[in-house]
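In: I would like to see how this sequence folds:
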Amino acid sequence: MNIELLANLSYIVAAVLFIFGLKMLGHPGTARRGNLLSSIGMFIAVVAGLTAEGIVSFEYIIGGVILGSIIGALAARLVAMTSMPEMVALFNGSGGTASLLVGWGTLYGGDIATFTAVTVLLAILIGGITFTGSLIAYAKLSETINSAALVFTGQRIVNSLILVALLASCVMFVNDPAPDSVWLYSVLALALVLGIMAVIPIGGADMPVVISLLNSYSGIAACAAGFAINNNILIVAGSLVGASGIILTNIMCKAMNRSLANVLFSGFGAVKQGKAIEGEVKPITVEDAYYILEAASNVCFVPGYGMAVAQAQHVVKELGEILERNGAEVSYAIHPVAGRMPGHMNVLLAEADVPYEQLVEMDDINPRIQNVDVAIVIGANDVVNPSARSDPDSPIYGMPIINVDQARTVFVLKRSMASGFSGVDNPLFFGENTRMLFGDAKESISKVVAEFG
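Out: The predicted structure is shown next:
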């Protein structure tokens, strides 16, 4: 069996593993196995590709495996769940950079046909946008820079000029696809700038959409690189990532009742808007919270990014189990864009081994929210903000929310009265049926657990 045939068979095995792995990622119960299958598929594809093309010797492959394993193990152990969105952003940027370099390296292989030049151009262009866009997303998510939308007068004109210059540079490069072409450097520089300009006007509340979109970009760039080097498995893998990222982006946009164009170009979160909120906040003590929960027969937890910050998912599960033993029906209402990346809350609750059957989607919990005795909002803000229903002047007006304000009693666990990631104030905090339990969520819930004895 020659090496080329063996490589093609390996590619088929890898593609099958990718598809089955992606399918298994659709359910929390099988997600870990799906991730493992996909990882094995990528390992097979990389080794087969490097071996078949004679790019490097086995010694270098083994060295790369060892180095990559060390980096992966350290990331898994040292990166906190609160920093997972930032790490995903860096992964997206790394994927874009890799595709950019693969495309660029293709130019050193001799004469380049027009089709190959176009695919190389796409790999460099999309890879560059993904790289710098992901770095800005990382900086916003980690709050290294202001997470709000950054807009300035004439911003769209500037972006338009960049696009025109980029298009002209692309045409000139395709006419002369040389590795040292000034037009290549122009495309690269403009792509890097465009990645920055594309993400800075996007506010923090839209980060789940940005993460999934950048993930799609990294897949499309990989697909283009696959065409550039004529590698089938890279085309397949890139297509799968690109398509799944686009689908997820569409799901995120629908969950916010906004179009992708609105997310990308509206500058949402640049300024606070909406009606002034008047009312009196009603704090509650841990002891009073215990008495209300002890008498409750239906309790719904609504987690948000604050739960991730406090690392409260384990004590939340502990309290849920206590309430169940006390005779209460317990559920966990998950908004599609809660947290700072798609599925953020699902990942946290899965880490705490919360049964998947207790996780309830927004569309399923809202029709029965009025029967909930106590809705416990843990660090969520924008996804439970009634302004989305009632205030046409609010930036989040029209966004579907979890209607916790319609529950009989609402506990809101927050450190302070600060607004959420989008910078929009929340009238829920002043509601007649709302009680504020101030402090670190993990500490507060632990104290409630202690009250149950």
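In: Without its sequence neighbours, what residue ends up closest to G431?
Out: D405 (5.4 Å; CB to CB, 6 or more residues apart in numbering). Bear in mind the C-beta positions are built from the backbone N, C-alpha and C, glycine included.
In: From what I see, V158 and I196 are in contact.
Out: No. Applying CB atoms under 8 Å as the test, V158 and I196 come out as separate, 11.3 Å apart.
In: what's the helix or strand for the residue lying closest to L190 once chain neighbours are set aside?
Out: Excluding its sequence neighbours, the residue lying closest to L190 (CB to CB, 6+ apart) is L166, at 4.3 Å. Using DSSP states H and E, L166 falls within helix 155-175.
In: Following element in sequence after that helix, please.
Out: Next along from helix 155-175, by DSSP H and E: helix 182-199.
In: Please identify the buried residues of that next one?
Out: By neighbour count with 16 or more other CB atoms under 10 Å, helix 182-199 contains the buried residues 183-184, 186-188, 190-195, 197-199.
In: continuing past the helix-or-strand element of the chain with minimal mean pLDDT, what's the next helix or strand?
Out: Lowest by mean pLDDT, DSSP states H and E among the helices and strands of the chain is helix 260-265, with a mean of 70. Downstream of helix 260-265, the next assigned helix or strand under DSSP H and E is helix 286-294.
In: Which neighbouring elements make contact with that next one?
Out: Using 3 or more CB pairs under 8 Å, 6 or more residues apart in numbering; DSSP states H and E, the elements in contact with helix 286-294 are strand 409-414, strand 434-438, helix 441-451.
In: and those, which is most packed in?
Out: Stretch with highest mean neighbour count among these: strand 409-414 (a mean of 25; mean count of other CB atoms under 10 Å).
In: which residues sit against that one?
Out: Applying CB atoms under 8 Å, 6 or more residues apart in numbering, the contact partners of strand 409-414 are 284, 289, 292, 296, 306, 373-379, 404, 428-429, 431, 433-439, 441, 444-445.
In: Just the angle for it relative to helix 441-451, thanks.
Out: Put simply, strand 409-414 runs at 130 degrees to helix 441-451, going by axes from the mean of the first three to the mean of the last three CA atoms, to 10 degrees.
In: average pLDDT across the helix or strand harbouring R77?
Out: Secondary-structure element containing R77, defined by DSSP H and E: helix 58-78. Per-residue pLDDT over helix 58-78 has a mean of 89.
In: And the next helix or strand past it?
Out: Using DSSP H and E, the next helix or strand after helix 58-78 towards the C-terminus is helix 84-106.
In: so after that following helix, what's the next helix or strand?
Out: Following helix 84-106 toward the C-terminus (DSSP H and E): helix 114-141.
In: Quick check, central residue of this structure?
Out: M341 (2.6 Å; CA atoms, centre = their mean).
In: how about that residue, what does it touch?
Out: M84, P85, V88, M207, P208, I211, S212.
In: Mind doing that once more with 10 Å?
Out: 84-89, 137, 141, 207-208, 210-212, 215, 252, 305, 347 (CB atoms under 10 Å, 6 or more residues apart in numbering).
In: roughly how far is stretch 181-196 from the heart of the chain?
Out: 26 Å (CA atoms, centre = their mean, to the nearest Å).
In: Show the average pLDDT along it.
Out: What stretch 181-196 shows for mean pLDDT is 94.
In: and it, C-alpha only, in CSV?
Out: What follows is stretch 181-196, C-alpha atoms only, in CSV (Å, rounded to 0.1, in the frame of the first residue of the first chain):
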residue,chain,number,x,y,z
SER,A,181,4.6,41.3,-4.0
VAL,A,182,3.9,44.7,-2.5
TRP,A,183,0.2,44.0,-3.2
LEU,A,184,0.4,40.9,-0.9
TYR,A,185,1.7,43.0,1.9
SER,A,186,-1.0,45.5,1.2
VAL,A,187,-3.7,42.8,1.4
LEU,A,188,-2.2,41.5,4.6
ALA,A,189,-1.9,44.9,6.3
LEU,A,190,-5.4,46.0,5.3
ALA,A,191,-6.9,42.6,6.4
LEU,A,192,-5.3,43.0,9.9
VAL,A,193,-6.7,46.6,10.2
LEU,A,194,-10.1,45.5,9.0
GLY,A,195,-10.2,42.8,11.6
ILE,A,196,-9.7,45.4,14.3
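In: so how far is stretch 176-194 off the chain centroid?
Out: From the chain centre to the centre of stretch 176-194 is a distance of 30 Å (CA atoms, centre = their mean).
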